[in-house]
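Asker: pasting the sequence and the predicted coordinates here, then a few questions.
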Amino acid sequence: MALSLDRNFRLALPALAFLLLFFIVPVLALLLRSVMEPEWGFQNYAELFATNTYARVMFNTFMVAGLVTLISLLLGYPVAWLLAIMPRGLANIVFSIILLSMWTNLLARTYAWMVLLQRTGIINKALLSLGIISSPLPLINNLIGVTIGMVYIMLPFIILPLHATMRAIDPVILQASALCGAGKWQAFTRVLLPLSMTGAIAGALMVFVMSLGYFVTPALLGGTSNMMLAEMIAQLVQSLLNWGLGGAAAFVLLSVTMLLYAFQVRFFSGYADIR
Amino acid sequence: MTSSFLSIRNLKKSYGEVVAVDDVSLEIPRGEFLTFLGPSGSGKSTTLYAVAGFDEITSGDILLEDRSILGVPPNRRNIGMVFQRYTLFPHLSVAENVAFPLRVRGQDRTTVKKRVDEMLSLVRLSNFADRMPAQLSGGQQQRVALARALAYDPPVLLMDEPLSALDKKLRDEIQIEIRRIHQETGVTILYVTHDQEEALRLSDRIAVFNHGRIEQIGTGEDLYTKPATRFVAEFIGDSNFLDVASVADQSNGRACATLPDGTVLDGLSTHHVTRHSGRFELMVRPQWLAVAKEGSDGIRITVKDVTYLGDSSSALLETGWGQAIWLKGPAATLRGLTAGQTIMVGWDFAKSELFEI
Ligand SMILES: Nc1ncnc2c1ncn2[C@@H]1O[C@H](COP(=O)(O)OP(=O)(O)O)[C@@H](O)[C@H]1O
Ligand SMILES: [Mg+2]
């Protein structure tokens, strides 16, 4: 046992060295600056949580990330399920479309949403001409725009892990649940949902964490009055040269991410582990 | 038609061009253990799944206690099923798996607990209540699946080759368990297998499937002693089919046949013969054959090989026209035979059926 641990450790050494050099060292540097500048102490963190504007940015960030995660889950779940029960050939085509959208340049995709969402964009025009609304909806330069754009970008990150866990579910298990008397809803809540929970949690956490630190979409589709954390950090560091406060904000973001990851590892690494 | 417990009437199911089940009718009394026996792809599972209600059938009707169940979705049919693959819910413990059908029926905690205990003791797995399915052997998983399928006291239990993934010894053990459980619960069972020994061991009656049709239905003894078709004769027990050159003197269910080497055999059984000319074959079980005296009735053969099998021996023989046939008998009676020897073998011709080909 000790021997195999030792061996595992040695195998992991290159990766650990890489992490040390390119992750731990910069993060420590950032952490140091956040408690050293302009002087020693936690005043940057205090300022971050006490100042209304900064607290507001924190709140916005978590709210948008939560909303994006929730909507992506609700949209991604049925898509993943359809992909799992579709004939293989068709599923592969749908998959290529999803992957193609993932590989398209992020900026191009976000600009495309700007075109769609603006006051004179297709969506507003269509709604106006159908008489559903009488004046254009404000879909851009606010958190609605950010949420729509981010859901679109995050969907594949929910669909892929969900699909992987769902495809591992033997359809005969669902037949068995039907013969046991479970209707469609019961089969979903008592069998399908618990069996796909690991994929859903993995996807949701990934999307949540990615959304917390997302920069491009909020910067392009969001408004100046409701900034998100990544934008704020960029501004603090680039425009205001306030490395201390920027470092503190970045460190808060990192800590939340680490906590969520620990939570996933602890509680959702799956029933497969008891084997 | 007299009312039986479960009736399958003129069931037909096609998948596009493929006809999986073709005009199958069955009348099954309450409490019967009926086995569908047949080679792979003969339509056994499709028939069983039609009773379960997973697929729309092409035509026909299925009645339970005189009421058609075709319009009833699977989850309302109240039918139990044990599948070929392991289908326990992997996220639920053994006890929770057995409780599942009771929970979805909204039964209260104490009733569920009592029933789960009863079921687990029925399949003798009371000590495994808190295990997860992944911690059980294949045989144990299938026994839990059986407990789960019986938990809500279904009128009919379907089993689709539930033991095919298990090794021989385990299979024998669980077969005994299944028989006991059938006797204790009195549930009507439709059981699918491609293993004739399993079918003979378990069943009250056996329906032999071939190409989506039922070739014959009856007790194991019926099928063995009075096979209705050449296919059944071949599938249940071992059989030789001797080439026949011509058939004559057909009367009173008997006939006389000439074999390719000119041997004439009289008093053969013709239950299934409907025509006078054409090609025929003569069924002879390897166990019927015995070495006969020179000059007595029988056929002349050459011994090719003798295999000692413990209790019995078997011999590979070749007829005068070059057909290979098997003889099986007590080891002692075959001891004198050696390869290359030419001898006479005889049997009770009245048992031998002629089949048209
Ligand atoms: N879902 C399906 N689609 C197309 N053909 C099928 C399907 N299920 C069964 N079949 C065909 O129907 C026939 C009977 O199958 P099945 O009832 O499973 O046989 P058995 O259980 O006796 O092995 C086979 O020829 C099989 O290929
Ligand atoms: Mg089958």
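Answerer: It's in. Ligands and ions are numbered 1, 2, ... in the order given.
Asker: quick one: average pLDDT of whichever strand or helix holds residue A:66?
Answerer: Under the criterion DSSP states H and E, the helix or strand holding residue A:66 is helix A:52-85. Summarised as a single mean, pLDDT over helix A:52-85 is 92.
Asker: list the buried residues of that helix.
Answerer: Residues A:54, A:57-58, A:60-62, A:64-65, A:67-69, A:71-73, A:75-77, A:79-81, A:83-84 are the ones in helix A:52-85 that count as buried (16 or more other C-beta atoms under 10 Å in any protein chain shown). C-betas here are computed from N, CA, C, even on glycine.
Asker: what does stretch B:39-58 give?
Answerer: Within stretch B:39-58, the residues that qualify as buried are B:42-54, B:57, counting by 16+ other C-beta under 10 Å.
Asker: start and end of it, how far apart?
Answerer: End-to-end distance for stretch B:39-58, by C-alpha to C-alpha, to the nearest Å: 22 Å.
Asker: and residue A:163, what is it in contact with?
Answerer: Contact criterion C-beta atoms under 8 Å, 6 or more residues apart in numbering or on different chains gives A:80, A:83, A:84, A:199 as the residues in contact with residue A:163.
Asker: what is the nearest of those residues to ligand 1?
Answerer: Ligand 1 has its nearest neighbour among the contacts of residue A:163 in residue A:84, at 17.3 Å by C-beta to the nearest ligand atom.
Asker: how about the nearest residue to that closest one, chain neighbours excluded?
Answerer: On the basis of C-beta to C-beta, 6 or more residues apart in numbering or on different chains, the spatially nearest residue to residue A:84 that is not a chain neighbour turns out to be residue A:166, at 4.1 Å.
Asker: again with residue A:67
Answerer: The shortest distance from residue A:67 to any residue that is not its chain neighbour, by C-beta to C-beta, 6+ apart, is 5.4 Å, and that residue is residue A:147.
Asker: what's the burial count for that neighbour?
Answerer: Residue A:147 has 22 neighbouring residues, counting by other C-beta atoms under 10 Å in any protein chain shown.
Asker: ok, now which ones touch it?
Answerer: With the criterion set at C-beta under 8 Å, 6+ apart, residue A:147 makes contact with A:64, A:67, A:68, A:71.
Asker: from the middle of its chain, how far away would the helix or strand hosting it be?
Answerer: Counting by DSSP H and E, the element that carries residue A:147 is helix A:143-167. Going by C-alpha atoms, centre = their mean, to the nearest Å, the spacing between the C-alpha centre of helix A:143-167 and its chain's C-alpha centre is 8 Å.
Asker: helix or strand next in line after it, which one?
Answerer: Next in line after helix A:143-167, if elements are assigned by DSSP H and E, sits helix A:171-179.
Asker: now do the buried residues in the helix ranked longest in chain B.
Answerer: Of all segments of type helix in chain B, defined using DSSP state H, the longest is helix B:168-185. Using 16+ other C-beta under 10 Å as the test for burial, helix B:168-185 gives B:170, B:171, B:174, B:175, B:177, B:178, B:181, B:182.
Asker: farthest pair in these?
Answerer: Distance extremes for those: the farthest pair is B:170 and B:182 at 18.5 Å, using C-beta to C-beta.
Asker: chain neighbours aside, what residue packs nearest to residue 217?
Answerer: Reading this off chain A. Once its chain neighbours are removed from consideration, residue A:217 has its nearest residue in residue A:149; the separation is 4.4 Å (C-beta to C-beta, 6+ apart).
Asker: hmm, I had chain B in mind actually
Answerer: residue B:207 (4.4 Å).
Asker: related to what we said a few turns ago, can you report how many residues lie near the residue nearest to residue A:84?
Answerer: In terms of burial, residue A:166 registers 20 neighbours under the definition other C-beta under 10 Å.
Asker: do the same with residue B:158
Answerer: Burial measure for residue B:158: 24 neighbouring residues, criterion other C-beta under 10 Å.
Asker: one more: the one 5 residues further on?
Answerer: Counted with other C-beta under 10 Å, residues neighbouring residue B:163 total 25.
Asker: what residues does chain B have near chain A?
Answerer: Proximity of chain B to chain A (C-beta under 8 Å from any C-beta of the partner chain) is limited to residues B:52, B:54, B:73-81, B:83, B:85, B:87, B:89-91, B:100-101, B:103-105, B:132, B:134-135, B:145, B:148-149, B:152.
Asker: smallest gap between chain A and ligand 1, at which residue?
Answerer: Closest to ligand 1 within chain A is residue A:171: 11.6 Å, counting by C-beta to the nearest ligand atom.
Asker: contacts only, for that residue.
Answerer: Contact criterion C-beta under 8 Å, 6+ apart gives residue A:85 as the residues in contact with residue A:171.
Asker: with residue A:148 instead?
Answerer: A:113, A:117, A:139, A:221.
Asker: mind checking which of the residues of chain B next to chain A are buried?
Answerer: Using 16+ other C-beta under 10 Å, the buried members of these are B:52, B:54, B:74-75, B:77-81, B:83, B:87, B:89-91, B:100-101, B:103-105, B:132, B:145, B:148-149, B:152.
Asker: could you look up the SS state of residue 25?
Answerer: Just so you know, I chose chain A. Judged by DSSP: H, G, I helix; E, B strand; the rest coil, the three-state class of residue A:25 is helix.
Asker: sorry, should have said chain B
Answerer: Assigned by three-state DSSP, the conformation of residue B:25 is strand.
Asker: ok, which residues in chain B are in contact with ligand 1?
Answerer: Where chain B comes near ligand 1, counting by C-beta under 6 Å from any ligand atom, the residues are B:15, B:18, B:20, B:38, B:40, B:41, B:42, B:43, B:44, B:45, B:46.
Asker: and which of the residues you listed is nearest residue A:95?
Answerer: With C-beta to C-beta as the yardstick, the closest approach to residue A:95 among these comes from residue B:15, at 26.8 Å.
Asker: count of residues packed around that closest one?
Answerer: Other residues within reach of residue B:15 by the criterion other C-beta under 10 Å amount to 10.
Asker: what does residue A:164 give?
Answerer: 16.
Asker: do you know how far it is from residue A:91?
Answerer: 13 Å (C-beta to C-beta, to the nearest Å).
Asker: try residue B:177
Answerer: Residue B:177 sits at a distance of 41 Å from residue A:91 (criterion: C-beta to C-beta).
Asker: try residue A:229
Answerer: Relative to residue A:91, residue A:229 is positioned 37 Å away (C-beta to C-beta).
Asker: which one of the two has more residues nearby?
Answerer: Comparing residue A:229 with residue A:91 by other C-beta under 10 Å, the one with more neighbours is residue A:229, at 25 against 16.
Asker: so which residues on the stretch 51-200 of chain A come close to chain B?
Answerer: Proximity of the stretch 51-200 of chain A to chain B, by C-beta under 8 Å from any C-beta, involves residues A:170, A:172-173, A:175-183, A:186, A:190-191, A:194-195.
Asker: which of these are buried?
Answerer: Taking 16+ other C-beta under 10 Å as the criterion, what is buried in those is A:173, A:175-182, A:186, A:190-191, A:195.
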